[in-house]
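**Q** Just need the structure, nothing else, for what follows:
(2 chains)
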Amino acid sequence: MTWVGANIAQVWNLSVLHLWLSVQPIVIGFVIAVPLGLVAWRYRWLRGGLLSVIGLLYTIPSLALFVLLPPVIGISVLADANLVIALSIYAVALMTRFAADAFAAVDPVVRRSAVAIGYSSWRRFWAVDLPLAGPALLAGLRVVAVSTVSLVTVGILVGIDSLGLLFTDGLQRGILAEIATGIVMTVVIALVLDLVIALAGRLLMPWARRPPRRRRWLPWRSSRTSARGATAAEVAE
Amino acid sequence: MIEFDRVAKRFPDGTEAVREITLTVPSRRTTVLVGSSGSGKTTLLRMVNRMVEPSSGQVRIDDEDVATLNPVTLRRRIGYVLQGGGLLPHRRVLDNIVTVLRLNGVRRRSAEERGLELMDTVGLDRALARRYPGQLSGGQQQRVGVARALAVDPNILLMDEPFGAVDPIVRTDLQNELLRLQSTLDKTVLFVTHDIEEAFILGDQVVILKPGGVIAQQGTPAEILADPADDFVATFIGAERGQRALRVEDHNGTQVVVDGRGRPAGVLAEGVPRQ
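**A** Numbering: from 1, shown residues only, chains lettered A, B, ... in the order given. Below is the predicted model of the structure:
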């Protein structure tokens, strides 16, 4: 643990950098994937093909992408943008299917009733479809967030600093505490992001919380039930 | 007044939901479309606000062909109530009620004032205004649905099996409430149900539909009971089982009304019933 104490500033800086490198592709991926998911849901004939092609993006090895992307779009391999774009592609690959499923899960009765009372399709999307798809979208986003946080570490292999640096550096110098710190901090960042998204969901969608149960089953209540009239199960006992 | 002029509806898969129906729904009266599933009653109802476009024929509201009207503006001036209220689960009760007012650009403050008045009108406690629909009972949700439909004070109210999902006691409650509302509001109500009892309770005019979208009989409940047009109608209203043929038996001086099977239906009251 002495290593942590001596390097706390570096660990902190790398963590902040790691967080920033994670948040960008999560946000970009979400913004691109939601309209794609909507298109996949809206035009059924497109759905199968579109989702398969986008899903295939996820199978491109990340290392290959880090190396191939820069010459294609004309940036340096070492640029943060390289990592952000590559991870955005993965985020889109994961999130699009989540988004398509989220829109498909909106109750068609509610949707039809919104049309029947006079929502135009544009307004209906913003006021009805999007918020009602919200809980499922957010559940998907949480998966994407955690996956992205862990993928950021791979960037170190092409020289993009993140908590991944603690892995390679620790490995080369044989410092186990450094590697362990890298793992712990990556997990912490993933958990923090997950929590933030979950909390944002609660704030934005208070209606999605389950309504409080009127009557909870409590063990001592069952005696009162049998006083009024024993149920079949109780008779069997 | 709503007129269906030789309207038909064939769906792309070939099913014929409605076959050449001509029907007039008079203003300020309740007309009930009743039939089993597949009789095209809901399809007919949805043609009024262009949720369904007829394959042929014309639907007119006060002599105006609805096909020439913008569907969105048309829908905003017609009240629509469906089973379970069709409420937006992510909007609070009051927001649900004022939805159409807000869509029409009414300011929040005045829309909400009107919304609270409507809660009184349909017999909802104002304390429920901030709840979400999921926190309400089925009957309360249904009342919210009616309040929402009344919000823009429409001339026409379309009700698509609105009381189908609530238990019998609540249903009776809601039916009485609707009769009370209708006696003061005088809307043109087009009501769809599969329950003939409900049709007879609510309808000034009852239209019985056969499977395949054909009118079997239309008239006041009394006319239909007095003279069922054919065996289908007789079966549908329960006449052939003797349910509708009541007679009076004397039990120790009290006149008990019994049906064809001898089951008591009530007692004979003296004098003329007051409305």
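
**Q** Beyond the helix or strand containing residue A:52, next helix or strand please.
**A** Here residue A:52 sits within helix A:44-56, counting by DSSP states H and E. Under the assignment DSSP H and E, the closest C-terminal helix or strand after helix A:44-56 is helix A:62-73.

**Q** which residues touch the helix holding residue A:52?
**A** Residues outside helix A:44-56 that contact it (Cβ atoms under 8 Å, 6 or more residues apart in numbering or on different chains): A:36, A:39, A:40, A:41, A:92, A:93, A:96, A:97, A:100. To be clear about C-beta, it is placed using only N, CA and C from the backbone, and glycine gets the same treatment.

**Q** Tell me who's in contact with the last one.
**A** Contacts were defined as Cβ under 8 Å, 6+ apart; by that measure residue A:100 touches A:36, A:37, A:38, A:40, A:41, A:47, A:51.

**Q** if you skip the residues just before and after it, what's nearest to the fourth one?
**A** Leaving aside its sequence neighbours, residue A:40 sits nearest to residue A:100 (Cβ to Cβ, 6 or more residues apart in numbering or on different chains; 4.1 Å).

**Q** And that neighbour, what's its pLDDT?
**A** Listed pLDDT for residue A:100 reads 96.

**Q** Okay, it and residue A:208: tell me how far apart.
**A** Using Cβ to Cβ, to the nearest Å, residue A:100 is found at 20 Å from residue A:208.

**Q** could you pull out the helices for the stretch 51-200 of chain B?
**A** B:71-76, B:93-97, B:99-103, B:108-121, B:138-150, B:168-185, B:196-202 (DSSP state H, counting those that start in this stretch).

**Q** quick one: low-confidence ranges for chain A?
**A** Within chain A, the ranges that satisfy pLDDT under 70 run A:1, A:210-237.

**Q** tell me which parts of it are close to chain B?
**A** A:107, A:109-110, A:112-120, A:123, A:127-128, A:131-132, A:134, A:205-208, A:211 (Cβ under 8 Å from any Cβ of the partner chain).

**Q** who's in contact with residue B:60?
**A** Going by Cβ under 8 Å, 6+ apart, residue B:60 touches B:2, B:3, B:5, B:66.

**Q** Between the contacts of helix A:44-56, which sits nearest chain B?
**A** For the contacts of helix A:44-56, the residue nearest chain B by Cβ to the nearest Cβ is residue A:41; the value is 18.5 Å.

**Q** What separation is there between residue B:114 and chain A?
**A** Residue B:114 is 16 Å from chain A, where distance means Cβ to the nearest Cβ, to the nearest Å.

**Q** Now for that residue, how many residues are close by?
**A** 18 (other Cβ atoms under 10 Å in any protein chain shown).

**Q** Confirm for me that it is in contact with residue B:104.
**A** No: counting by Cβ atoms under 8 Å, no contact exists between residue B:114 and residue B:104, whose distance comes to 11.5 Å.

**Q** related to what we said a few turns ago, name the SS class of the residue nearest to residue A:40, please.
**A** helix (DSSP: H, G, I helix; E, B strand; the rest coil).

**Q** quick one: it and residue A:44, what's the gap?
**A** Per Cβ to Cβ, residue A:100 is found 10 Å from residue A:44.

**Q** Likewise for residue B:137?
**A** Note on residue B:137: its distance to residue A:44, by Cβ to Cβ, is 37 Å.

**Q** Repeat that for residue A:87.
**A** On the measure of Cβ to Cβ, residue A:87 and residue A:44 end up 30 Å apart.

**Q** next one: residue B:156
**A** For residue B:156, the distance to residue A:44 - Cβ to Cβ - is 34 Å.

**Q** out of these two, which sits in the busier spot?
**A** residue B:156 (21 against 9).

**Q** What residues does that one make contact with?
**A** Neighbours of residue B:156 in contact, by Cβ under 8 Å, 6+ apart: B:2, B:48, B:61, B:77, B:78, B:79, B:187, B:188, B:189, B:190.
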